[in-house]
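Colleague: What follows is a predicted protein model with its sequence.
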There are 2 protein chains.
Amino acid sequence: MDDAALKSIWEAPFETAPTLRDIEAAAQRIRGHARRTPLLNAPLLDAEAGRRVWVKAECLQLTGSFKFRGAFATISGMPEAERARGVLAFSSGNHAQGMAHAAALHGIPCVIVMPHDAPAVKIERTRAYGAEVVLYRRGEEDRDAVGAALAGERGLTLVKPFDDGRVMAGQGTCGLEIGEDLPEGVSEVLVCCGGGGLTAGTALALEGRATVRPAEPDGYDDVARSLTSGRIERNETEVGGLCDAILTPAPGALPFAAMRRLCGPGAVVTEAEALRAMAAAWRHLRIVLEPGGAVALAAALYREGPDCVAVASGGNVDRATFERALAEG
Amino acid sequence: MDDAALKSIWEAPFETAPTLRDIEAAAQRIRGHARRTPLLNAPLLDAEAGRRVWVKAECLQLTGSFKFRGAFATISGMPEAERARGVLAFSSGNHAQGMAHAAALHGIPCVIVMPHDAPAVKIERTRAYGAEVVLYRRGEEDRDAVGAALAGERGLTLVKPFDDGRVMAGQGTCGLEIGEDLPEGVSEVLVCCGGGGLTAGTALALEGRATVRPAEPDGYDDVARSLTSGRIERNETEVGGLCDAILTPAPGALPFAAMRRLCGPGAVVTEAEALRAMAAAWRHLRIVLEPGGAVALAAALYREGPDCVAVASGGNVDRATFERALAEG
């Protein structure tokens, strides 16, 4: 496959940010399929934060993270013939699970491409949701080429995790729900931020009603720095961290354009604070968060600010990490 | 205080079961104050159960259990002058926390009477919700006399944990919500059962639409045995157990009358199964349950039956017990 053909598969037609209308249309399509997650609060959590905090519990979403919204919205919005051929994603994490389950609900094929050394439990779980997992040898094979070959042969549509207007519209439905439930006088919304799909979607859905601020872990504050400099900045660290769900090298171009226009300054927290926030969520709200899904709550708890909403974006966490959080919190 | 006076305080006017109309009136009063909890499901949980299971996540209720419903409904339904004098409860558990927070939201005094050797964390938490905690020396002082003296002096109204029609009406609001969300074709509802307030309230709310079945831990199956024999049976064991939230010596007279008329046979699970159900809820639904709040889910997972709703009644659990559940599950 030549570069132009590969580019045409990868960069198909979704290079514009969604409008509010696109997000509302996505909300119509996911209604009755995605879960409308609750906004939780607790007096003892407020006492710990020193401000009132409402938590948008996306960990309660199907497949355990907001990713199901974007996946279902994208698949349900495809032309029938395209959808029937199936979808493809590169992910070993929350996007993989969201895509696998959304595809299964549509009864269409879903291929998830993962490195051969992905944790067995993630491979297993993605298969349990009904997807076909294709492994590539990291370091020997080129991920994109493996995916492009599969997509070309079988006519699968690639669904990127965040740099895609359809996906951003799906994630924005989380923002619409926050807007419907927004407590009086609250105008700050903290969002756990990786590539920016959820943050940008939420900011677009809440434009004019609330200021959305991305939250990131220390050392992976590419979005905070990008918002400060006004251009896309990359993380220096390539190695992983506890907040793996939101560790992307840099914000996506499409989400960044929206975040730059709409978002307030980024909040940065430590891994230890993310773990303490997981323990606080366990104790006061009785929900399970993963470290990357707890950074917005950590910012709400351990940074100063007005009353706010914090999006708890995911809860897919292994036992050892969860027990570490309970021990530190 | 003579016996008749004591009796008049303790057995005041709420000796009849609520009607559907009483439950609907309670629902009106708690609206916007109690949380409307979601009905959660997950494909991987269904796979583990071998049937479809929807979990009514009352652990997400304010104060972490359904008890807030009965407390708020009872206080909000009192005549103004009575309410203003304040309320009294005997509890060191979920009823104490529910009462404390419901009273605080009404701005009225709340006295919680606990044994002097209650765990420090329970005393602390009840105080944090704004209640006055009065300790009595277990074995030396008579709990009822301590409470009666306080109630007499200060005009406080006793709110019992389950054997009270007002409280049952409040707990029944959980059943109304289940009825509103009931998936098509589902007609079995499993409920964690102690004294029977939640089970009876839910059965009254769902009368004619679903069969409610109480779930209890092994060795504390007083309700299951009472339903079989047709009269109130007591537990033989006096010592505590992991499922402390639902370990009552026998069903309350008022709830039992309703359960006898409306409920299907009781389900009995082991403590080990309750712990495994906590782990399943953590993994697949990302919610935190206490052992007593997980027995209905355990029955759904580890007993055979049709598609069902399981009420997860509470999530106030200490770290050691929670980690034990993760280790066993």
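Modeller: That came through fine.
Colleague: need the residues of the stretch 1-150 of chain A near chain B, please.
Modeller: A:35-38, A:40, A:42-44, A:47, A:57, A:59-60, A:62, A:64, A:101, A:104, A:125, A:128-129 (CB under 8 Å from any CB of the partner chain). Backbone N, C-alpha and C define where each C-beta goes, glycine included.
Colleague: quick one, domains of chain A?
Modeller: Per the record, chain A has its domains at A:10-66+A:164-328, A:68-158, by automatic domain parsing.
Colleague: Just put those domains in a markdown table and tack on distance to residue B:292 and mean neighbour count.
Modeller: Output for these, formatted as a markdown table (distance: least, CB to CB, whole Å; neighbours: other CB atoms under 10 Å in any protein chain shown):
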| stretch | distance to residue B:292 | mean neighbour count |
| --- | --- | --- |
| domain A:10-66+A:164-328 | 14 | 22 |
| domain A:68-158 | 29 | 19 |
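Colleague: Throw the ones you listed into a markdown table and include distance to residue B:244 and mean pLDDT, thanks.
Modeller: Shown next, in a markdown table, are the domains of chain A (distance: least, CB to CB, whole Å; pLDDT from 0 to 100):
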| stretch | distance to residue B:244 | mean pLDDT |
| --- | --- | --- |
| domain A:10-66+A:164-328 | 17 | 95 |
| domain A:68-158 | 33 | 94 |
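Colleague: Skipping adjacent residues, who's closest to the residue in the stretch 101-250 of chain A that chain B sits nearest to in space?
Modeller: In the stretch 101-250 of chain A, the residue that lies nearest chain B is residue A:128 (5.7 Å; CB to the nearest CB). Leaving aside its sequence neighbours, residue A:128 sits nearest to residue B:44 (CB to CB, 6 or more residues apart in numbering or on different chains; 5.7 Å).
Colleague: Show me where chain A has its strands.
Modeller: A:39-40, A:53-57, A:87-90, A:110-115, A:132-136, A:157-158, A:188-192, A:211-217, A:267-269, A:308-312 (DSSP state E).
Colleague: between these, which gets nearest to residue B:147?
Modeller: Minimum separation from residue B:147 across these (CB to CB) falls at strand A:39-40, 33.4 Å.
Colleague: which secondary structure elements does that closest one contact?
Modeller: On a contact count with 3 or more CB pairs under 8 Å, 6 or more residues apart in numbering or on different chains; DSSP states H and E, strand A:39-40 meets strand A:53-57.
Colleague: what lines up beside the strand it packs on in the sheet?
Modeller: Strand A:53-57 has its sheet partners listed here by DSSP bridges as strand A:39-40 (antiparallel), strand A:308-312 (parallel).
Colleague: Distance to residue A:233 added to the ones you listed, as a markdown table?
Modeller: A markdown table is the format used below for those (distance: least, CB to CB, whole Å):
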| stretch | distance to residue A:233 |
| --- | --- |
| strand A:39-40 | 32 |
| strand A:308-312 | 23 |
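Colleague: right, and the ones you listed - which one's nearest residue B:222?
Modeller: Of all the strands paired with strand A:53-57, strand A:39-40 comes closest under CB to CB, at 33.7 Å.
Colleague: got a list of contacts for that closest one?
Modeller: A:54-57, A:178, A:181, A:183, A:285, A:287, A:309, B:35, B:60 (CB atoms under 8 Å, 6 or more residues apart in numbering or on different chains).
Colleague: One more: stretch A:226-244?
Modeller: A:93, A:214, A:217, A:219-222, A:225, A:247-251, A:253, A:256, A:259-260, A:263, A:265-266, A:271, A:274-275, A:291-292, A:295, A:321.
Colleague: and the residues you listed, which of them are in helices?
Modeller: The members of the contacts of stretch A:226-244 that map onto helices under DSSP state H are A:222, A:225, A:253, A:256, A:259-260, A:271, A:274-275, A:295, A:321.
Colleague: Quick check: bridge partners of residue A:65?
Modeller: Bridge pairing for residue A:65 - DSSP bridges - gives residue A:314.
Colleague: Might one say that it is in contact with residue A:98?
Modeller: Yes. With contact defined as CB atoms under 8 Å, residue A:65 reaches residue A:98; the gap is 6.5 Å.
Colleague: Return the distance of stretch A:172-188 from the chain's centre.
Modeller: For stretch A:172-188, the separation from the chain centroid amounts to 18 Å (computed by CA atoms, centre = their mean, to the nearest Å).
Colleague: same thing with stretch A:30-42?
Modeller: 15 Å.
Colleague: now stretch A:235-250
Modeller: In terms of CA atoms, centre = their mean, the centre of stretch A:235-250 is set 14 Å apart from its chain centre.
Colleague: what does stretch A:207-214 give?
Modeller: 17 Å.
Colleague: and the residue of the stretch 151-300 of chain A nearest chain B?
Modeller: Counting by CB to the nearest CB, the stretch 151-300 of chain A gets nearest chain B through residue A:286, at 3.5 Å.
Colleague: so what's that residue up against?
Modeller: With CB under 8 Å, 6+ apart, residue A:286 has these contacts: B:59-60, B:64, B:287-289, B:315-316.
Colleague: and with 7 Å instead?
Modeller: Applying CB atoms under 7 Å, 6 or more residues apart in numbering or on different chains to residue A:286 gives the contacts B:59-60, B:64, B:287-288, B:315.
Colleague: and what of residue A:100?
Modeller: With CB under 7 Å, 6+ apart, residue A:100 has these contacts: A:110, A:112, A:126, A:129-131.
Colleague: Can you name the two of the residues you listed that sit furthest apart?
Modeller: Longest distance between any two of the contacts of residue A:100 is 10.4 Å, between A:112 and A:130; criterion CB to CB.
Colleague: the longest helix in chain A is where?
Modeller: Chain A, longest helix under DSSP H: helix A:165-181.
Colleague: Could you give the separation of that helix from the chain centroid?
Modeller: Chain-centre distance of helix A:165-181: 12 Å, with CA atoms, centre = their mean.
Colleague: pretty sure residue A:86 is touching residue A:110, no?
Modeller: Yes. Using CB atoms under 7 Å, residue A:86 is in contact with residue A:110, at 6.2 Å.
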